[in-house]
Structures are given as C-alpha cells and as structure tokens.
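Enquirer: have a look at this prediction, sequence included:
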Amino acid sequence: MIQATLSGIKNLTIGMFVTFKNMMTKPVTFQYPEVKRTMPERYRGRHFLNRDENGLEKCIGCSLCSINCPVGCIHVVAAENDPENRVSPGERYAEVYEINLLRCIYCGYCEEACPVDAVVLREHYELADYNRDTYIATKGDLLVYPEPNQFRVNILGNTERTNSK
Amino acid sequence: MADDQVTLTIDDQTVSVPKGTKVVDAAKSVGIEIPVFCYHEKLGPLGCCRMCLVEVEKMPKLMTACTMDVGPDMVVKTTTPKVEKAQKGVLEFTLLNHPLDCPVCDKGGECPLQNNTFKYGPGDTRMDFHRAENLKAGPLSPVITLDRERCIACQRCTRYSEVIEQDNALVMHNRGFNNEVGTFNNEPYDTRFSGNVIDICPVGALTNSQFRFKARTWDLTNSDTLCAHCGCNCNMTLGVRTNKFMRIEARPNDLVDDGWICDKARWGYDFLESKNRLVEARTVPDNGTMVFSSPTTQDAAVRTAEAIKKIVDEHGPESVGFIGSPYGTNEELYLYQKLFRLGFGTNNIDHKTYADSPGLPIDHYDVSEIETADLVLVIASDPTEELPILDLRIKKVVTRHGVKLAVLNDQATLMDKYAHLSLRYNIGSDAGVFAALTAAISGEGMADIKTTGIKADQLKSLVEMLRASKKVTLIYNSSALTGQSVAVLKQLMAMIKNIPSIECGAIPAVPHTNAVGAMDMGILPDYYPGGVPVADGEAIQQTWGETAPTQPGLSAMEMIRKAESGELKALLVYRANPVVDFPGGKQVEEALKKLDLLVVHDMFETETAKLAHILLPSNGPGVDDGTTTNIGGRVQFRKGGLKTAHPPDWKIISLMANTVSEEGDGINYITSFSVTDEIAKNVPGYAEISKKSIKKEGMTRVSSASINATGAVSKESSPPKPEALKLRIANYLFAHNTILDATSTLAHHFKPSIVHMHASDAKKLKLKNEDDVVVVSGDTQVSAQVEISNRCNPGGVVLPNISDEQGVWGLANSRDSVTWVEIRKV
C-alpha cells in the first residue's frame, strides 16, 4: 500500500511537472479585450491610405490595386487635380476609393501593386461590427488611422462601440 | 496571280505575300510580331523609330522591317541575339526621356510603348540624370490633351494629318532634341477628324480630354457598336463603366470606315446622358380618354394602340399616319410599318420630305468599291459635312490611287479642291442638268443648258470623262435634290449603264444613319419593304396576307397637310422632329396641334414632343440593339452598351402590335435578332442577313431593282420679286441640335448663322461681308450674317443649317421645289 502511495505521488509529480514548471513562467494568453496583442510589423490587417509629408494623399487613383485584387473588392474612381487646391501631388487623385472589407481576403496584393505606397495593410485586426454597411470602407475611413475599437456594455446589457463613426 | 506574289522566309516560316508588301505586314500575316511605333499600315512607312530592326541574310546591318519591301527568297530573322540587343537598345533610348508616369497615364494598359517595353525592353535603365521636362497636359484642342513629355516623336499623328486628313494641321516643330508636335501658331487642332490621332498615338502623348482620368482602360466594358450619326455607320467601340458612358474608340473595318471615325462619332455621344432625354412615358390629361398620371411605358404603349385603333374604327384607316425616322434601326422601322400596315390597315407611312424611291437602275455599290473605280462622280452631296468618313475615302483614292473625281453640285464644297472637274449648276436646276447630261451621253446632242449655269464645254468634258472611264461610282444625295429630279438622275444612271464599256454603280449618300434601311424597310407610302410597290398586289398579299392595304398612302408632307385640314386624326411620330426638320416650320406646328391624337416616340424632349398627347420614351443608340444599313447597303449590327430597365423600342412596338392583333396572342420576339430573322424572311434582298452573317464585317444586302422612274424636268419657277434669291440649305456636321446640345463636348464647333452669297448678288443688294441680315420667306425670318463667298452661282444663297434654334427649314416652302428668299438688311 505504501508502495502504491509512493508510486502515486511519483506519478502525480511527473504528471504535474509541466503544470508546476509553467506556473512560474509568463502566460501565453492574455486578458483580451483589456489587453491587446501587439501584431507583427508585417501583419496584414485593415487597409489604410497614407498621406505624404505635406499632408496630401499619396493615392494617385491609378486603380492598380483594384485590378490586382483577386476578389475585386476595391473600387476606384479617379479625378483630375485642381493645381490650386491639390488633393494628391500628381495630376490625378482618387475621388472615390472604396474597399469592401467583408469581401477582402487580406492578401496584400493591393499594397504590393501600389506604385506610390498609398494603400497599406496595418495591424488592425478588430474588425467586428454589428452593421454590414460599415464594412464598405470609404476614403474618409481609410485616410484616418483610428484608435483600436473600444466597446462597453450599456445599461440595456448590449455591447456598443464607444468610438463609432 | 503568281507573278505578283513574293515568297520569302521569316523565322523559318515560308510566307507568300503580294509584291510591295512591307516585311512587317508579311510577318504579321503568319502571326510573327515585329514591334513597331512609327509604322501604321494606313500611313505607310517612315522608319524613324527604329523599333522594327530585323536581321536579313546577306545584308550586313540590321534593317527596318517597316520600310523594306519583301523580296523573293529573302530570309528574315526576328529573334536573333543581335536583333534582341538592338531592340533593347532602341527601347532604352526611347525611354530615356519618357516620364514613366504609367500609373497616371490614360494610355496605361493599352500602350504599345508599355507592351513593347515589357516584351522586348531592358528591365532597367542606366539613365542617371534628370529626365527632360516639357509641357505636361496642355490642350491641343478643346477635346485633345497633349503631353509633350510622353511624346516619342514617332510622327504618326503628323503623318495622319498629312496623309489621311491632308490638311497638314498638325506638324513637327524644330529639330533633334527640340522636335515636338504642334500646330501653326499654337492654334487649336480642331479638324473634323482630329480624334483619330488619339487612337494611333503609341504613347499617352495625345489623349482624349473627355475621357481624361475617368477610368482605366481595363475597367471598361467595351461593346462593339456602330456610330449612329451619319449614313457611314462607322464601326466603333463604346466603353462603359458602372453603366456610365466613358468613351468612344474607332474599331477598324476596312469595308466601312477604313479604320477612322470622325470627331462627331468620337465626342458626339453626350446625348446618352443628356438632360433632355425622355425618361418616362407621359400623357396629357385633356385628351379625353387617356387620363392617367405617370404611366409606365408599357401602359402608355397599350393605350396608344387602343386609341389609334379606336380612331381607325371611327374614321377609317386613312385617318391615321406614321412618320418614321431614318435614324431608327431596321428592326424598329420594320415593326412600325408592319403595325401600321397590318394592324391599322393604312399606307400612310413615310420618313422623309424629299422625293426618292427604293431601287437603282444600276448596281448599289458598297463604299469600298470607290477604291477600284476610276471615276467618282459626286452629285449634290457634300461628303465633308454630311458623311465625313466617305470624304476621307474619296480624298484617299483621288490623291493616292489616281482615281478621277468629278463634282456636280449647286454649292461649293471642300471636295472641289480635290476634283479634276467641278461643275456648279444653279440652285434648283438639277433636273435640267441631269437631263442634258443624259441627252449628251445618249448622243442626242447638247441640250439647251443656259438656265442651268453650266457651260456647254464643261458638260462636254464631263461626258468625255465618263466615256473614258471603265468603272464609275456615282455618289448622290437625293435629299439635296429638288422636286422630282432624283427620277431624272435615275434615267441618267440607266443611260450610263447602257454604255457597254462602263461598269457603273451608285451610292445613295443621304446623310441620315439608316436612310437606306428606312427605304428598304418600306417606311414609304407607296412601297412595301424591299422596294415592292403597293401596286404589286399579288406579291404583297403573298407575304403580308389578304388584309394588307394596296392603296398608296400619304407622304409625310401630305400627312401634315391633311392634319391641317382635319382629315388626318391621329399621327405617330417616331424619332422625328417635324416641327424643326420639315419644311414649313410654324405651319407644321399648327397642323400637328389640330390632330386628335399625336403620339411621339422619341429619345428627347423635342419641339414635336412638346405637342404630343402621349409621349413614349425611346432608348435609342448606345442602349438598344438592332441592325442598320449604311449608304453602301451594308447591314451591320449596332449593339447597345448601357443597360436600362426600360423596354427597348422593338418590345414597345410589338406590344402595340399585340394589343391590336385580332388573334390576341400575337408574336413574341425574344431578342432583336428574332425581328432580324423575320426581316430576312419577309424583305426581299435581306434573305442572307442573320446574326451570324453580319457578325464580323456586316454584309451587303441585295439592292432592289428600280421601277422605271419617270420624272420630267419641271419648269423653273419665276421669282416672286425681282430681288428674290433661291435658297439652298446646306448641312453642317456639328450643328447645334438635340444630339449636340449646349453642354456637348463639341460645343466649340458650333457656328453662327451665316448666309453665303455671290458677289454679284451682294453688290446688287448693296451688302458687305459681315452685314447682319434677315433671310425672309413668307412669314418666316432667319437672321444671319452675310459672307460673300461665291459658294453658289449668282441668283442663289446657301444657308447652312447650324442649329435647331436657327430654324432654316421654316424658310423652306413645303409645296414648291425651290424656295425663294429675300435678304433684308437689319
């Protein structure tokens, strides 16, 4: 019986060894959403449109992102710049730039194709929402680099976005 | 013939081509591509871009394939390392100062420089210095943007201006590094055919200002369609993005347009999105039975059919009428004549106000036949303003193929410059000239031609010219002839045909899109489709059944007159605007107001549409499918490009037909081709026309034989007042009307009203150049400025129709063949 008990303790120790060992280490999980993960630099999350050092839009409306998109989720309508009141540095700018984030497969081909580094996929991965319409990201949405999404539980018990547009 | 064929080897392939072919074209014929920039098959060789270098055995250096004729047993190599190195070198030089702004360039995606660089070019550049800076995006004309930085000086555009347009408007300035495209004194380059330089420019130096930055070329949905402006029916591509009209490009079809389109074809399509378009059916409540607000087109069509049927039942079939339009497609016109003949039992069907009848005593030549003729005789036609692409083709054959050109007209035209013989008869004496010519050819001797304004020796030299030629092409515009003279002209044709040594054919050059088709489809009071006269009861009943009416109906002008007298109760006007375009002006408007029922089926809010009791919208070209027949008798498919939920015209018409059909079920056409198939079955001459046979280049229909035309030379009418002058209304290509409205891209071509006078008349009336005058006929006045240009013989004036507002047709007399006008100074 003693032998059986000793063997039990031994086996238990062996069994719990990994547990005890990991009790001392930093956990791999974290308290989401209070704590957010830092994504790798080349992570392909939500798209953004860059501005240049003068604050002008980098996008020249060439539609190369759109033609390279394997799912066809980008729609660009270009227009000519007014030299007095420039939107982008070149001759042309994108009057309409829309990405359907639901259709997008986040492959990053648009970023690859962009000749002026205007469209980029950044580390934003929190894309959940309650309304399908908000997934058509327009130029206004894409040009601002937003704070990560924040939610709270309101008095009705529903979750709502506190920094919604 | 074996003698004319040359056999050579290109890249181990044996090629046999006609003598004189360039190596580049010979290679193309067997699918070997030799890259080119400056060479264009219509412009001929130049050899300035050096892109087409190839290696030829026994020749020490690389040769330019575009300037080299094929030779027997020549061995050409296009892919050797030596050639590839040369191509890389040439491209590196070409790209030295090219800005490489492909992402912003409108040519991107369809750019030969881009393609050739991708295929044959170096991957990188060794250029370390700043590229040359030059004019970026300046206007070459209001519709063409010039970017001198992108220009590679291939001279395609300037050679186009020199060889094809033949007016040298666009030239190369300066030498060497400063070589640049431009015009004299930086005048805008706004000729009638300027747009073609956009298509032939191998880089993005010349771009379409209307299309500038509107879409990338790969985003466009292109539909192969036809131009819907003049009777040439040039082939073009309609670019559409998200159901919005974007641009027009030429689509070469050598049998029709020789690869070019005019500026009206390229930029005259703003009407597709015009504010004046009819978008929904409308009825006027005060018209008794039809009180309902904003009906659907289908509702309105059913009510239309019921209302006309009611009038037919009450007042008989001769109390209703149909005025069609030479702008409709064959299908639409065919269905309308069927509706009125079989549904309403009337022959009151017409589409024109001038005299003409279907069929020719001689062959109906296709446009390309001009190239093999040795005499082109242009009668009363002004191709430059009426059928611009025909003008290009005539210029081409006269200057490059050695074809002789004779012009017989009552006004000076730009064709005179190229003519070997140019005769100008007095306005209104056309029948006299034709009769005299007939007499002279038949050997009856010279008739008295004093009153026609042509000298006897001039007529003699024309006869000699005719007799000396083997193949003659007559180009005549019956809408510019007076009275019944078209019948006299047909007698002249029959007379020429009798000369055994002459092969002769004619091209009826009425300027409207489908004027030939409208005649073929029987939009005539006295002919059924295919030129079957109403008197031929047996043939008609065989095709159209027992009930088909065999009494001649009223012509368009007669219908207007009967409407005035109250005998005509209902009129359906399809895509025509009688108030503006018919002789009579105000009188026509008053007559139409007296109708019990006026139905207008049109694309726009025209002056006639404003009078309508029921208004049916029409989709028209760019949207509806259908076939049209061009001046050469070639039937082609005009595809729509834009989509709409509104039913196409052929559906609206067949709905009307089903409403009045006694069987109740009627016929249900599935597509416009179902109607085409019925046309092939029922219209003589169209038997071979089907979706398949007209697919690529279209197909010529068989012209109907002419019924022996009898037309006598009518007596000259005498002037009502001694100072009265004879009026000739000329056409202007860019007239300001519902098609080219004030917002049109071509608005810079609009002209002020000008009356062209002969110096002797001006002297008599004491008028100077630029005097403001009014041209008066009856109660109608048209204000204009005098230009003493000797455009017509003394005793006449030429007044170009420059806008709807000007209202020149109001001056024309609806009953007489010649209109006398007075010029009064204001």
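Expert: Perfect, I can see it now. Being a predicted model, the structure only gives us computed values, none of them experimental. Numbering: from 1, shown residues only, chains lettered A, B, ... in the order given.
Enquirer: could you confirm whether the strand ranked longest in chain A reaches chain B?
Expert: The single longest strand within chain A, with elements called by DSSP state E, is strand A:92-100. Yes: remark: strand A:92-100 sits within contact range of chain B at A:Arg92, by CB under 8 Å from any CB of the partner chain. Backbone N, C-alpha and C define where each C-beta goes, glycine included.
Enquirer: so after that strand, what's the next helix or strand?
Expert: Scanning forward in sequence from strand A:92-100 by DSSP states H and E, the next helix or strand is helix A:109-113.
Enquirer: how close does the residue lying closest to B:Leu339 once chain neighbours are set aside sit to B:Val302?
Expert: Of all residues not flanking B:Leu339 in the chain, B:Ala657 sits nearest, at 4.7 Å (CB to CB, 6 or more residues apart in numbering or on different chains). According to CB to CB, to the nearest Å, B:Ala657 stands 11 Å off from B:Val302.
Enquirer: between these two, which one's more packed in?
Expert: Shown here are B:Ala657 and B:Val302; by other CB atoms under 10 Å in any protein chain shown, B:Ala657 has more neighbours (21 against 18).
Enquirer: how much space between the more buried one and B:Glu770?
Expert: To B:Glu770, B:Ala657 is 55 Å away according to CB to CB.
Enquirer: in this structure B:Leu342 contacts B:Gln541, no?
Expert: No: if you go by CB atoms under 8 Å, B:Leu342 and B:Gln541 don't touch, sitting 11.6 Å apart.
Enquirer: which residues of chain A score low on pLDDT?
Expert: Along chain A, the parts satisfying pLDDT under 70 run over A:146-154, A:157-165.
Enquirer: go again with 50.
Expert: For chain A, the stretches with pLDDT under 50 are A:165.
Enquirer: alongside chain B, which residues does it contribute?
Expert: Going by CB under 8 Å from any CB, the residues of chain A near chain B are A:60-64, A:66-67, A:77-80, A:90-92, A:115-116.
Enquirer: what do you get if the cut-off is 7 Å, keeping everything else the same?
Expert: A:60, A:62-64, A:67, A:78-80, A:90-92, A:115 (CB under 7 Å from any CB of the partner chain).
Enquirer: drop anything exposed from those residues.
Expert: A:60, A:62-64, A:67, A:78, A:80, A:90-92 (16 or more other CB atoms under 10 Å in any protein chain shown).
Enquirer: among those, which pair sits farthest apart?
Expert: A:Ile67 and A:Glu80 (20.4 Å; CB to CB).
Enquirer: element containing B:Thr399, please.
Expert: Assigned by DSSP H and E, B:Thr399 belongs to helix B:388-400.
Enquirer: equivalent analysis for B:Leu492, please.
Expert: Assigned by DSSP H and E, B:Leu492 belongs to helix B:485-498.
Enquirer: so B:Tyr160 sits against B:Asn196, correct?
Expert: Yes: the pair B:Tyr160 / B:Asn196 is scored as a contact, 6.2 Å apart, by CB atoms under 7 Å.
Enquirer: any idea how far the helix holding B:Thr399 is from the chain center?
Expert: Centroid displacement of helix B:388-400 relative to its chain, using CA atoms, centre = their mean, to the nearest Å, is 14 Å.
Enquirer: neighbouring contacts of whichever helix or strand comes after it?
Expert: Per DSSP H and E, the first helix or strand lying C-terminal to helix B:388-400 is strand B:404-409. Among residues not part of strand B:404-409, those counted as contacts by CB atoms under 7 Å, 6 or more residues apart in numbering or on different chains are B:374-380, B:394, B:398, B:413, B:415-416, B:418-424, B:433, B:462, B:465, B:469.
Enquirer: and if you look at stretch B:36-50?
Expert: By CB under 7 Å, 6+ apart, stretch B:36-50 touches B:22, B:24-25, B:51-52, B:64, B:66-67, B:90, B:112, B:152, B:154-156, B:159-160, B:163-164, B:200, B:202, B:259.
Enquirer: just the buried subset of those, written out for ChimeraX, thanks.
Expert: Command for ChimeraX that selects the buried part of the contacts of stretch B:36-50, burial taken from 16+ other CB under 10 Å:
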select /B:22,24,25,51,52,64,66,67,90,112,152,154,155,156,159,160,163,164,200,202,259
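Enquirer: what about the contacts of stretch B:36-50, which are in strands?
Expert: Those of these lying in strands (DSSP E): B:Thr64.
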